[in-house]
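Trainee: Predicted coordinates and the sequence they were generated for:
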Amino acid sequence: MLPFLMKQPIAEGVNEGVNEGVNEGVNEGVNELFKLIEQNPGKRTPFFEKELNTSIKNIERWLKQLKDESKIKFRGAPKTGGYFIKEK
């Protein structure tokens, strides 16, 4: 078989570096959102979108992560409620 046709393994270091970069970006966004909720309790998704200058999809993803980690909760009616930090 010709050498250039042989399947080459992907360098693990490259994958780890890419994964770390992606994870750091996500974690930074989640941490920024958490701080913003802490400083502005009761606000909703459009406020966070404008403040963090990112998409609604990113905000929703980060909110889900924070809810899954039991760090925040949504209080109030769907149209008028907002996000709050959970008490420890």
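Mentor: Looks like it arrived, so ask away.

Trainee: And the strands in the protein, which stretches?
Mentor: Here the chain has its strands, by DSSP state E, at 72-75, 82-85.

Trainee: List the contacts of the last one.
Mentor: Under the criterion CB atoms under 8 Å, 6 or more residues apart in numbering, residues 34, 37-38, 41-44, 63, 71-76 lie in contact with strand 82-85. All C-beta atoms are positioned from the backbone trio N, CA, C, and that covers glycine.

Trainee: Output those in TSV; the columns should cover neighbour count, distance to Leu52 and pLDDT.
Mentor: As requested, those are exported to TSV (neighbours: other CB atoms under 10 Å; distance: CB to CB, whole Å; pLDDT from 0 to 100):
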residue	neighbour count	distance to Leu52	pLDDT
Phe34	19	11	97
Ile37	21	11	97
Glu38	12	14	96
Pro41	13	16	97
Gly42	13	17	97
Lys43	15	11	97
Arg44	16	13	97
Leu63	19	12	97
Lys71	16	17	96
Ile72	21	15	97
Lys73	13	20	97
Phe74	13	18	97
Arg75	11	21	97
Gly76	12	22	96
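
Trainee: What separates the first and last residues of stretch 67-87, distance-wise?
Mentor: Using CA to CA, to the nearest Å, one end of stretch 67-87 lies 13 Å from the other.

Trainee: list the buried ones in that stretch?
Mentor: Neighbour counts using 16 or more other CB atoms under 10 Å place 71-72, 83-84 of stretch 67-87 among the buried residues.

Trainee: before we move on, what about stretch 57-64?
Mentor: By neighbour count with 16+ other CB under 10 Å, stretch 57-64 contains the buried residues 58-59, 61-63.

Trainee: In contact with Pro41, which residues?
Mentor: With contact set as CB under 8 Å, 6+ apart, Pro41 has these partners: 82-85.

Trainee: and the residue positioned nearest the centre of the chain, what pLDDT?
Mentor: When the chain is reduced to its mean C-alpha position, the nearest residue by CA atoms, centre = their mean turns out to be Trp62, at 3.3 Å. The model reports Trp62 with a pLDDT of 96.

Trainee: and what of Val14?
Mentor: pLDDT, Val14: 53.

Trainee: for Leu33, same thing?
Mentor: pLDDT, read off for Leu33, is 97.
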